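build the 3D model from these lines:
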Amino acid sequence: MIRIIALFVFLMLGFASCAQRTDKIQIGAERLDLLLPKLKDKKIALLVNQSSVVGNTHLVDTLLALNINVVKIFSPEHGFRGNAPDGEIIKDAVDEKTGLPIVSLYGSAKKPSAQSLEDIDIVLFDIQDVGVRFFTFVSSLYHLMEACGENNKAVMVLDRPNPHGGYVDGPVLKPEFESFVGFGEIPIVHGMTIGEMAKLIVGEKWLKNGVTCQLEVIPMKNYTHAKPYVLPIKPSPNLPTQNAVLWYPSLCLFEGTVISVGRGTLTPFEIIGNPELKDNYSFSFTPVRIDSMSKYPPHENKTCYGLDLRNIKPEPKITLKYLIEFYNNYPDKDKFFIPYFDKLAGNDVLKEQIKSGMNEEEIKLTWQPELNTFKKKRSKYLLYN
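Prediction:
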């Protein structure tokens, strides 16, 4: 009883603080007045990671303290605690703190099985997305919705801000290039929150085989797409700073080339380089193994030469100028692009445009018709101005 009273006082103080700051963004997970009545007497699973916090407390701990019947945890890329490096297979486990079973969705399967959904009523999704097509948590949401639709289970998305706001940019994915780093006809930067994206998936009937999903979104309060938002917790091991998050849409394309984006350093997605560019750039860095971030970084233990973008604030748009510059400077152009590039770009056109010598403005003009179509589609599902 004392524990419950203490928790009640803590929550009331939190609500009072919010009342004093009427302009403060209140994320979906903080709107317990909307959330808790919907969970009463239900068996709950959560697809969550280290970003799934309410104040300073993890959502799992918050719900357990409130006597919500949490049955299991689904774990995405980087694991439940967010400390697995890029690409590492996540295994099923038991959470040491809570004793809850953890079912991996980044191992042999990326979609919940019918068996894993048998003993639950609702799956809560509460993960900080970054609003970029190839950030894999949105793909995890897609597969979750499909599995729940197939097994008559409900999905509830607790919405969080998009750190890229509402701008939309990049080539729109072609269906033949769908993968775990891209699904649906969306551009690289889609300008939607994870809740809005979930509504689009359902509304546009993107789930395979005509599956429908019982979806509910717990919206944020006081959020607009124009309101800047600095992530309080790093969304993945290799996006450790706000600057890295903002550079990510432009620099991740380099992962489909021979250029390092700084994996194997403490500043990934803020520096770029390659060992063959010593004559072109004075800035250098050396990728090394960092178990909690990147176990097998490209060009490991080799000095890379390139650019330091840590003190350059990216504009709210995708820039191709560095990609074009590095392609032009790289000595063996036939080896610059690797097959993975087309999955990231969402087509096999962008690399050919760069090879042919098109400049950034010319390339971006070719994106506009499909971007305009997407923006019209997107507008039907926006929850915020």
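
okay, now the unreliable bits of this structure?
1-21, 82-86 (pLDDT under 70).

swap the cut-off to 90 and go again
The chain contains residues with pLDDT under 90 at 1-23, 55-56, 76-93, 95-97, 106-109, 209, 292.

show me it divided up by domain.
As assigned by automatic domain parsing, the chain contains the domains 21-229, 242-372.

pull the distance from the last one to the chain's centre.
In this case it means domain 242-372. 19 Å (C-alpha atoms, centre = their mean, to the nearest Å).

need the helices for the stretch 101-250 of the chain, in chain order.
Assigned by DSSP state H, counting those that start in this stretch, the stretch 101-250 of the chain shows helices spanning 114-117, 137-150, 194-203, 242-251.

turn the ones you listed into TSV, columns for distance to residue 98 and mean neighbour count.
(Glycine included, C-beta is placed from N, CA and C.) Output for those, formatted as TSV (distance: least, C-beta to C-beta, whole Å; neighbours: other C-beta atoms under 10 Å):
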stretch	distance to residue 98	mean neighbour count
helix 114-117	17	15
helix 137-150	20	23
helix 194-203	24	22
helix 242-251	29	23
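
which among the domains of the chain is found nearest to residue 380?
Closest to residue 380 of the domains of the chain, according to C-beta to C-beta: domain 21-229, at 6.5 Å.

looking at it, residue 190 is touching residue 166, isn't it?
No. Residue 190 is not in contact with residue 166 according to C-beta atoms under 8 Å; the separation is 9.6 Å.

got the CA positions of stretch 192-212 in PDB?
In PDB, the C-alpha atoms belonging to stretch 192-212 read as follows (Å, rounded to 0.1, in the frame of the first residue of the first chain):
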ATOM      1  CA  MET A 192       5.600  11.700 -39.700                       C
ATOM      2  CA  THR A 193       5.600  10.600 -36.100                       C
ATOM      3  CA  ILE A 194       5.500   6.800 -35.500                       C
ATOM      4  CA  GLY A 195       1.800   7.100 -34.600                       C
ATOM      5  CA  GLU A 196       1.000   8.900 -37.800                       C
ATOM      6  CA  MET A 197       3.000   6.300 -39.800                       C
ATOM      7  CA  ALA A 198       1.000   3.500 -38.100                       C
ATOM      8  CA  LYS A 199      -2.200   5.200 -39.200                       C
ATOM      9  CA  LEU A 200      -0.900   5.500 -42.800                       C
ATOM     10  CA  ILE A 201       0.000   1.800 -42.800                       C
ATOM     11  CA  VAL A 202      -3.500   0.800 -41.900                       C
ATOM     12  CA  GLY A 203      -5.300   3.500 -43.900                       C
ATOM     13  CA  GLU A 204      -3.400   2.700 -47.100                       C
ATOM     14  CA  LYS A 205      -3.900  -1.100 -46.600                       C
ATOM     15  CA  TRP A 206      -0.100  -1.800 -46.800                       C
ATOM     16  CA  LEU A 207      -0.200  -4.900 -44.700                       C
ATOM     17  CA  LYS A 208       0.200  -8.000 -46.800                       C
ATOM     18  CA  ASN A 209      -2.600 -10.300 -47.900                       C
ATOM     19  CA  GLY A 210      -5.300  -7.700 -47.100                       C
ATOM     20  CA  VAL A 211      -4.700  -8.000 -43.400                       C
ATOM     21  CA  THR A 212      -6.300  -5.400 -41.200                       C
END
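
any residues touching that stretch, and which ones?
Here stretch 192-212 makes contact (C-beta atoms under 8 Å, 6 or more residues apart in numbering) with 28, 125, 127, 129, 131, 137-138, 141-142, 145-146, 149-150, 155, 157-162, 183-184, 190, 213, 215, 217-220, 223, 377-378, 380-384.

buried ones among the residues you listed?
Neighbour-count burial (16 or more other C-beta atoms under 10 Å) is assigned, among these, to 28, 125, 127, 129, 131, 137-138, 141-142, 145-146, 149-150, 155, 157-162, 183-184, 190, 213, 215, 217-220, 223, 378, 381, 384.

from the contacts of stretch 192-212, which land in strands?
Using DSSP state E to define strands, the subset of these located there is 125, 155, 157, 158, 215, 217, 218.

rebuild the helices of the stretch 101-250 of the chain as CSV, extending it with distance to residue 56.
Formatted as CSV, the helices of the stretch 101-250 of the chain follow (distance: least, C-beta to C-beta, whole Å):
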stretch, distance to residue 56
helix 114-117, 30
helix 137-150, 22
helix 194-203, 21
helix 242-251, 19
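
that's all I had, so thanks and see you.
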